[in-house]
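Q: no FASTA, just this:
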């Protein structure tokens, strides 16, 4: 299956060309770091690109002060992380092994050079992606979670970090690794904790606090103006971000959970053109995010747009859930849909503690050696069942209908039926949930049969499609199910224009759209031409 970047261990390093280095010298300034001095620390803003002319730089373990890994950076190599593209922060300490001379290029100037020199941009982005892949593969990082298995809040942060491709280490309470980290940070041993670097233990941790610490939303000023505001970071929103940036529009993508949206919860997509061996939804959208950032599109998360107003000037003003506001000349609504909560007693009690809406590597770890239940009859549910069957002893797929033929691709339903570790139960639903601190059992019932109670490690809900459009009420026309109406249905000039000029809708949130990743990507790509016409008309 395709992954987010090449393997650093297999890559042959391609040096920057002479004209690339000359451009760096012209745009940057020389700096010298004496031996044993720190060049950056975790949490420092990634505000420049560092090219090594002479000397040696090592990555440092934030908790021990020792060298991290066996490799160092030498002459003709560069010091940067993928967060350089978004304006985030450094996640690992970097130290000069000996007196080291570098060229430091300010981030804005470096992004301009990358736009002007695509060959240099390709080399840099390939290396940055591979570095991030190695961090994720090693499940290691300066962000450390203790007690993920026991604490719902820590598990929520693990899900947020995992879905946003943020490297982190996770240690069980009482493990030698957890005790080592706790001692190095001078915090209580045997307690859940979220730590960034050696001296930053986050009190009452939330995904918002982690995002702020990692610089995921530091780049947007109050009432900052953009050409286009893209609300939603799923396939349609990310595609719109790629094409908006490529066309020179100043664009901002706002996402309230994780880049990838509902598609990001899919463990494997095999029917997307160009990926014959399949790709996970999270990796596909991560590639799109990197591509959009390369063109200058900015992302902010986790942030929810709670209110949208049209100003007398014709611009739009969006208010986020934290009271922050931005202005835009046009708005693309790409908020997609969300899986529905089931009307079962204690359902909310077990969300994040046995009930999940995504089946990624993070959730699969909770299912090792036990039975899992997946609820739903669509492709996402089918792929979740296939993926979970690798780690769970058995996966039970519950479908309300009598067949998968109308809701799932044939290649996928055939695999499910042939897999001995998966059973499909039609016309079956959940009637009760069991457990104390976490879900440990369910009662299911097939139409016309007696209820059955069975132990489970987790339940994955992938059913229903509720549009995220409450914040648009009164501004654009919605259909009777809450989806945004566009095109001829509201006498608009394009298939993606809404009843309010300047607001466009694409992807699953649009009434009548085809609910597939490929069609969402297509709509997000095409709509930017209409946004351009509106802004320049």
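A: Nice, I can see it. Small disclaimer: the values here were computed from a predicted structure and weren't measured.

Q: how about the strands in the stretch 51-200 of the chain?
A: With DSSP state E, counting those that start in this stretch as the criterion, the stretch 51-200 of the chain has strands at 67-73, 78-79, 94-106, 143-146, 169-171, 193-196.

Q: next: the stretch 251-400 of the chain.
A: According to DSSP E, counting those that start in this stretch, the strands that the stretch 251-400 of the chain contains are 251-254, 298-300, 305-310, 316-320, 325-333, 337-338, 355-356, 371-375, 394-399.

Q: how near is residue 114 to residue 59?
A: Per CB to CB, to the nearest Å, residue 114 is found 23 Å from residue 59. Every C-beta, even on glycine, is put in place using the N, C-alpha and C of the backbone.

Q: closest to residue 393 out of the strands of the stretch 51-200 of the chain?
A: strand 169-171 (22.7 Å; CB to CB).

Q: quick one: contacts for the closest residue to residue 194 other than its chain neighbours?
A: Once flanking residues are discounted, residue 194 sits nearest to residue 205: 3.9 Å by CB to CB, 6 or more residues apart in numbering. Residue 205 is in contact with 153-154, 157, 194, counting by CB atoms under 8 Å, 6 or more residues apart in numbering.

Q: so residue 205 belongs to a helix, correct?
A: No. Under the criterion used here (DSSP: H, G, I helix; E, B strand; the rest coil), residue 205 is coil, not part of a helix.

Q: tell me if I'm right that residue 455 and residue 439 touch.
A: No. Checked against CB atoms under 8 Å, the pair residue 455 and residue 439 is beyond contact range at 9.9 Å.

Q: between those two, which one's more packed in?
A: residue 439 (24 against 12; other CB atoms under 10 Å).

Q: tell me how far the more buried one lies from residue 363.
A: 13 Å.

Q: go on, residue 460?
A: 7 Å.

Q: mind listing the shared neighbours of those two?
A: With CB under 8 Å, 6+ apart, residue 460 and residue 363 have common neighbours residue 356.

Q: so the two - more neighbours on which side?
A: For residue 460 versus residue 363, neighbours defined as other CB under 10 Å are more numerous around residue 460 (27 against 24).

Q: please name the nearest non-neighbouring residue to the more buried one.
A: Nearest one to residue 460, counting by CB to CB, 6+ apart, is residue 374 at 4.6 Å.

Q: okay, now residue 43: neighbour count?
A: Neighbour tally, residue 43, other CB under 10 Å: 17.

Q: what's the closest non-adjacent residue to it?
A: residue 89 (5.3 Å).

Q: that neighbour touches residue 83, doesn't it?
A: Yes. Taking CB under 8 Å as the definition, residue 89 is a contact partner of residue 83 at 6.3 Å.

Q: list the buried residues in stretch 394-401.
A: 394-399 (16 or more other CB atoms under 10 Å).

Q: any idea of the mean pLDDT for stretch 298-308?
A: Taken as a whole, stretch 298-308 has a mean pLDDT of 93.

Q: whoops, stretch 381-388 was the one
A: Rounded mean pLDDT across stretch 381-388 is 93.

Q: what residues does it touch?
A: Here stretch 381-388 has contacts from 265-269, 359, 364, 367, 372, 374-376, 395, 397, 404, 408-409, 412-413, 415-416, 419, 422, 460, 462-463, using CB under 8 Å, 6+ apart.

Q: do you know how far residue 55 is from residue 44?
A: 19 Å.

Q: which residue packs closest to the residue nearest to the spatial centre of the chain, ignoring adjacent ones?
A: Closest to where the C-alpha atoms of the chain average out (CA atoms, centre = their mean) is residue 164, at 2.9 Å. Using CB to CB, 6+ apart and skipping residues adjacent in sequence, the residue nearest residue 164 is residue 258, 4.9 Å away.

Q: do residue 371 as well
A: residue 394 (4.7 Å).

Q: could you list the low-pLDDT ranges of the stretch 351-500 of the chain?
A: Applying pLDDT under 70 to the stretch 351-500 of the chain flags no residue at all.

Q: can you pull out the helices in it?
A: Assigned by DSSP state H, counting those that start in this stretch, the helices in the stretch 351-500 of the chain fall at 361-364, 379-388, 410-418.

Q: let me have those helices in JSON lines, adding distance to residue 233 as columns.
A: Output for the helices of the stretch 351-500 of the chain, formatted as JSON lines (distance: least, CB to CB, whole Å):
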{"stretch": "helix 361-364", "distance to residue 233": "18"}
{"stretch": "helix 379-388", "distance to residue 233": "17"}
{"stretch": "helix 410-418", "distance to residue 233": "25"}
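
Q: done for today, thanks.
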